[in-house]
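In: predicted structure and sequence below. I'll ask about it afterward.
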Amino acid sequence: IPLFCIILVGYLAGRFKSLGTASAKPLNAFVMKYPLPILIFASIAREPLNNVFNFPFICAFLAGLFLPQLIVLWVSRMLYQETLTKSVLRAMAVSFPNVGFMGIPLLGALYGKEGILIASISVFLSVFQMLFTIIICEIDKEEKTTLKESLKSGAILFIKHPMMIATFLGLLYSASSLPMPVPLDNFTKYLGGVAGPTALFALGLLLVGVTFNKGKTEVTIISLLKLLMQPVITLMLLLVFKADPIWAASGMLLAALPTGVAISIFTDYYGEYTQRGTKTLLVTTIGSLITLSVLIALIPRFWPTLS
């Protein structure tokens with residue numbers, strides 16, 4: 001509930017014009033470039049490598065991201081006469097959870113440092129999904145662009161992404177087995193600690209002014225698929241891969257998060273699926289207050305050791 005209260009404060013700040021809704025963009029840019037990468041670096045650097053490379057979780061969570069996206073992308077191509085960009089953005093709305101802005105504060109509150117580590121790894125994995133979406137959109141956008149050129153551009157974006165750099169540096173530091181100096185530890189705690197609250201506040205600002213004049217049925221279906229289908233698929237995969245209880249429970253909760261803020265960034269940039277993407281962001285954010293509360297309450301029944 002405290003996490004949703006921060007979103008509410010951001011919404012009220014925008015609704016009563018204490019801050020303009022345009023403030024959300026620089027706030028999100030700040031989080032993406034500074035506090036969030038610092039938090040990811042510190043979470044990985046403090047852990048031994050064998051804790052970071054949890055392959056059952058990595059395989060299951062990656063599949064849990066891509067399976068719903070590919071299913072919805074295929075169905076969209078079968079049912080609608082529309083651009084490939086619009087189809088892949090609809091699929092992203094169903095399958096891209098808000099792991100960075102909500103996953104880290106949520107799992108941090110539930111499971112402490114281990115929860116933050118799991119969420120940080122999921123943020124790293126979600127970048128692969130963003131890369132896939134970018135490549136598909138770019139192929140559709142530029143008819144003259146070859147697959148090789150699109151893959152090259154995507155790879156450059158991937159390597160230069162702040163979260164990729166943070167992950168790589170965190171892995172290097174973890175491999176060194178060096179203790180983290182107190183000044184560096186305090187720095188990462190102070191700067192990394194503002195990532196979650198700032199992102200949630202900015203999310204509240206983004207929700208101001210969203211209306212539901214069109215597309216109610218589609219937004220409802222997409223939102224239900226996001227909040228119900230993806231966590232079920234991901235949980236099944238985590239059980240198949242025999243992930244440890246805390247990793248399985250965390251993966252299920254991460255998959256049950258609302259659609260990520262990146263959907264607004266992508267739809268705005270490519271000029272497709274803008275209104276419905278933002279509406280899905282709003283509906284899933286509100287709906288996840290119920291679904292996440294239910295799942296958190298059920299976790300001790302599925303995994304008694306986490307009670």
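Out: Received, thanks. Residues are numbered from 1 along each chain as shown.

In: what's the closest non-adjacent residue to residue 61?
Out: Distance criterion C-beta to C-beta, 6 or more residues apart in numbering; nearest residue to residue 61, sequence neighbours excluded, is residue 251 at 5.2 Å. Every C-beta, even on glycine, is put in place using the N, C-alpha and C of the backbone.

In: residue contacts, that neighbour?
Out: 57, 60-61, 64, 118, 122, 234-235, 238, 243 (C-beta atoms under 8 Å, 6 or more residues apart in numbering).

In: switch to 10 Å and redo it
Out: Contacts for residue 251 (C-beta atoms under 10 Å, 6 or more residues apart in numbering) come out as 54, 56-58, 60-61, 64, 118, 121-122, 231, 234-235, 237-238, 241, 243.

In: please flag which of those sit within helices.
Out: 56-58, 60-61, 64, 118, 121-122, 231, 234-235, 237-238 (DSSP state H).

In: does the residue nearest to residue 61 count as helix, strand or coil?
Out: Three-state assignment for residue 251 (DSSP: H, G, I helix; E, B strand; the rest coil): helix.

In: from residue 65, how far off is it?
Out: Distance, residue 251 to residue 65, using C-beta to C-beta, to the nearest Å: 10 Å.

In: circling back to that earlier point, any idea how far the residue nearest to residue 61 is from residue 231?
Out: Distance from residue 251 to residue 231, counting by C-beta to C-beta: 9 Å.

In: let me see the contact set for residue 294.
Out: Residues in contact with residue 294 (C-beta under 10 Å, 6+ apart) are residue 256.

In: find the residues that touch each one of residue 251 and residue 231.
Out: residue 64.

In: how about residue 276, what does it touch?
Out: 86, 89-90, 93, 212, 214-216, 218-219, 222, 263, 267.

In: I'd guess it is in a helix, am I close?
Out: Yes. Assessed with three-state DSSP, residue 276 lies in a helix.

In: check what pLDDT it gets.
Out: Note on residue 276: pLDDT of 87.

In: check residue 86 too.
Out: We have a pLDDT of 92 for residue 86.

In: ok, now residue 254?
Out: Looking at residue 254, the pLDDT reads 96.

In: would JSON lines of the contacts of residue 276 with neighbour count and secondary structure be doable?
Out: Converted to JSON lines, the contacts of residue 276 look like this (neighbours: other C-beta atoms under 10 Å; DSSP: H, G, I helix; E, B strand; the rest coil):
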{"residue": "86", "neighbour count": "20", "secondary structure": "helix"}
{"residue": "89", "neighbour count": "25", "secondary structure": "helix"}
{"residue": "90", "neighbour count": "26", "secondary structure": "helix"}
{"residue": "93", "neighbour count": "29", "secondary structure": "helix"}
{"residue": "212", "neighbour count": "13", "secondary structure": "coil"}
{"residue": "214", "neighbour count": "11", "secondary structure": "coil"}
{"residue": "215", "neighbour count": "14", "secondary structure": "coil"}
{"residue": "216", "neighbour count": "12", "secondary structure": "helix"}
{"residue": "218", "neighbour count": "15", "secondary structure": "helix"}
{"residue": "219", "neighbour count": "22", "secondary structure": "helix"}
{"residue": "222", "neighbour count": "23", "secondary structure": "helix"}
{"residue": "263", "neighbour count": "26", "secondary structure": "helix"}
{"residue": "267", "neighbour count": "24", "secondary structure": "helix"}
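
In: residues shared between the contacts of residue 251 and residue 65?
Out: Taking C-beta under 10 Å, 6+ apart as the criterion, residue 251 and residue 65 both touch 122, 234.

In: thinking again about what came up before, sort the contacts of residue 276 by pLDDT and name the bottom one.
Out: residue 212 (65).

In: surely residue 19 is within a strand?
Out: No. Going by three-state DSSP, the assignment for residue 19 is coil, not a strand.

In: count of neighbours near it?
Out: Residues near residue 19, counting by other C-beta atoms under 10 Å, number 18.

In: do the same with residue 80
Out: By the criterion of other C-beta under 10 Å, residue 80 has 11 neighbours.

In: contacting residues for it?
Out: Residue 80 sits next to 86-87, 90 when contact means C-beta under 10 Å, 6+ apart.

In: what ranges in this structure fall below the confidence cut-off?
Out: 1, 142-151, 153-155, 157-158, 210-213 (pLDDT under 70).

In: sort out which residues of stretch 269-278 are buried, please.
Out: Neighbour-count burial for stretch 269-278, counted by 16 or more other C-beta atoms under 10 Å, picks out 270, 272-274, 276-278.
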